[in-house]
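Chemist: Build me a structure from this.
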Amino acid sequence: MSDTIYNIFLAIAAVFLFAGFFVFAWRVIVGPDSMDRVLANDGITASLQCALALYICWTLDTTVVNVMMVIAMLGFIASLSVARFRKRDGSL
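Modeler: As a prediction, the model looks like this:
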């Protein structure tokens, strides 16, 4: 595969990730309840990991793999903590 086609595919993937990030950010800001915000936070975490993987594909630089692992662990721990301590939105 030529470099031009490879870069075009990576640019298309970056545009989709960028658009998805804004959809998730909108859901965090406007979400009608806390569960929508938690799911959007998970989506932002996954999008960030995909963006870092795209960066690795684009530059062939694997120094950010450790950052990807830390982001994955933090996203997992955040989801577990919210699932453990979440109450219904209307309750005190």
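Chemist: ok, now which ones touch residue 65?
Modeler: residue 56 (Cβ atoms under 8 Å, 6 or more residues apart in numbering). (Glycine included, C-beta is placed from N, CA and C.)
Chemist: Leaving out chain neighbours, which residue sits closest to residue 25?
Modeler: residue 44 (6.9 Å; Cβ to Cβ, 6 or more residues apart in numbering).
Chemist: any idea how far the one you found lies from residue 29?
Modeler: Using Cβ to Cβ, to the nearest Å, one gets 12 Å for the distance from residue 44 to residue 29.
Chemist: So in this structure, where's the weakest helix or strand by average pLDDT?
Modeler: helix 65-85 (a mean of 89; mean pLDDT, DSSP states H and E).
Chemist: For that helix, which residues meet the burial criterion?
Modeler: Of all the residues in helix 65-85, those buried under the rule 16 or more other Cβ atoms under 10 Å are 68, 71, 75, 82.
Chemist: cool, and stretch 2-13?
Modeler: So, applying 16+ other Cβ under 10 Å, buried residues of stretch 2-13: residue 13.
Chemist: From the chain's centroid, how far away is that stretch?
Modeler: Centre-to-centre, stretch 2-13 and its host chain are 21 Å apart (Cα atoms, centre = their mean, to the nearest Å).
Chemist: all numbers from here: first residue = 835
Modeler: Okay, using 835 as the starting number, the last item reads as stretch 836-847.
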